[in-house]
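Novice: mind folding the following:
(one chain, ligands or ions: 1)
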Amino acid sequence: MICLRDFLDAPKCTTHQCVQFEPHFGHQNIFILLLLKIIMEFDSVINKRHSARIFKETKKPDYQDIMTAIDCAVKAPNAGNLPCLKYILVSDKKLINELAEACQQDFISKVSYIIVVCTDKKFLEKSYYERADMYTRQQAGAAIENFLLKIVDLGLASCWVGAFSDETVRRILTIPDDIQIEALLPIGYEIEKTEKKMKPSLQSTMYYDGWGITKRTMTPRKMPET
Ligand SMILES: Cc1cc2nc3c(=O)[nH]c(=O)nc-3n(C[C@H](O)[C@H](O)[C@H](O)COP(=O)(O)O)c2cc1C
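Specialist: Model prediction:
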């Protein structure tokens with residue numbers, strides 16, 4: 001007998017039951033199990049992602065992994081498929097220290113790479129006028145989340161850093177005034193797991209069919225006329 005959860009290597013997954021099965025069964029079942037494994041791996045990346053703030057100074061992430069994660073960010077949705085993001089890869093230790101100082105967050109100085117996410121809303125202004133600002137920020141958020149999830153998938157860790165002196169980061173990296181600095185993403189290997197933050201319950205975040213309606217009303221099913 002093999003435990004399904006062991007096979008799927010997802011001990012924290014709560015959405016699937018631990019089912020016992022005989023190991024000698026057909027190709028079709030193996031295919032279903034592999035499909036389940038893919039679904040559960042996705043869930044496990046979502047569940048594993050958290051803001052990491054204690055990094056191994058001695059272990060440098062692979063440059064190619066970082067490029068893979070940026071490539072995932074690039075694949076996020078864009079209004080009108082108009083890209084407006086630029087990613088500055090910072091690996092110079094002097095610049096990293098200066099950026100940590102600009103954020104007044106010392107943990108940032110421990111990493112070997114920081115991605116600075118920037119947007120240029122001019123690309124969206126021609127098509128979306130006054131909505132361009134909102135769309136630009138939303139696109140940045142979608143791209144950053146794609147990036148953070150891929151970083152977890154690659155066994156790395158990061159933290160979305162939004163608290164920094166715009167002026168100082170701009171000066172350090174010679175970013176023009178008309179470019180928005182959205183976030184800094186330090187990347188490294190985590191030393192010890194930061195305690196997972198409590199998240200709101202699904203129910204407490206839901207309204208149904210209108211703002212403020214916390215209960216879902218079931219519409220009675222129409223019976224066929226006789
Ligand atoms: C827009 C934004 C800005 C953030 N800025 C910072 C920051 O400057 N420093 C930091 O340590 N974490 C920052 N965070 C991370 C949050 O503190 C973190 O996401 C939150 O506490 C929830 O924890 P979790 O990411 O582990 O789920 C930021 C997150 C967001 C979305």
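
Novice: tally of neighbours for the closest residue to Y208 other than its chain neighbours?
Specialist: Leaving out its chain neighbours, the residue that sits closest to Y208 by CB to CB, 6 or more residues apart in numbering is R216, at 4.3 Å. Bear in mind the C-beta positions are built from the backbone N, C-alpha and C, glycine included. Using other CB atoms under 10 Å, R216 has 9 other residues around it.

Novice: kindly report the same for V169.
Specialist: With other CB under 10 Å as criterion, V169 counts 19.

Novice: my guess is it contacts I181. True?
Specialist: Yes. Using CB atoms under 8 Å, V169 is in contact with I181, at 5.4 Å.

Novice: determine the set of other helices and strands touching the helix or strand D65 falls within.
Specialist: Using DSSP states H and E, D65 sits in helix 63-74. Under the contact definition 3 or more CB pairs under 8 Å, 6 or more residues apart in numbering; DSSP states H and E, helix 63-74 sits against strand 85-90, strand 113-119, helix 132-153.

Novice: strand partners of the shortest one, parallel vs antiparallel please.
Specialist: Taking DSSP bridges as the criterion, strand 85-90 forms sheet pairs with strand 113-119 (antiparallel).

Novice: buried ones in whatever helix or strand comes next after the partner strand?
Specialist: Once the chain leaves strand 113-119, the next helix or strand it forms, by DSSP H and E, is helix 122-128. Within helix 122-128, the residues scored as buried using 16 or more other CB atoms under 10 Å are 123-125, 128.

Novice: other residues contacting helix 122-128?
Specialist: By CB atoms under 8 Å, 6 or more residues apart in numbering, the residues outside helix 122-128 that reach it are 79-80, 82-84, 131-132, 135-136, 178.

Novice: hey, what's in contact with both of V169 and I181?
Specialist: Common neighbours of V169 and I181 (criterion: CB under 8 Å, 6+ apart): 116, 175.

Novice: for P61, what are its contacts?
Specialist: 112-113, 156, 187-189 are the contacts of P61 under CB under 8 Å, 6+ apart.

Novice: give me that answer again for 10 Å
Specialist: P61 sits next to 55, 69, 111-113, 151, 154-158, 187-189 when contact means CB atoms under 10 Å, 6 or more residues apart in numbering.

Novice: for it, helix, strand, or coil?
Specialist: Secondary structure, DSSP: H, G, I helix; E, B strand; the rest coil: P61 is coil.

Novice: let me know the pLDDT of it.
Specialist: Model confidence at P61, given as pLDDT, is 98.

Novice: again with the one 4 residues further on
Specialist: Per-residue confidence (pLDDT) for D65: 98.

Novice: please name the nearest non-neighbouring residue to the residue nearest in space to the middle of the chain.
Specialist: When CA atoms, centre = their mean is applied to the chain, the residue found nearest the centroid is E145 (2.7 Å). Nearest residue to E145, sequence neighbours excluded (CB to CB, 6+ apart): A76, at 7.6 Å.

Novice: list the contacts of the one you found.
Specialist: 83, 85, 138-147.

Novice: before we move on, back to that, what's the angle from the helix holding D65 to strand 85-90?
Specialist: 160 degrees (axes from the mean of the first three to the mean of the last three CA atoms, to 10 degrees).
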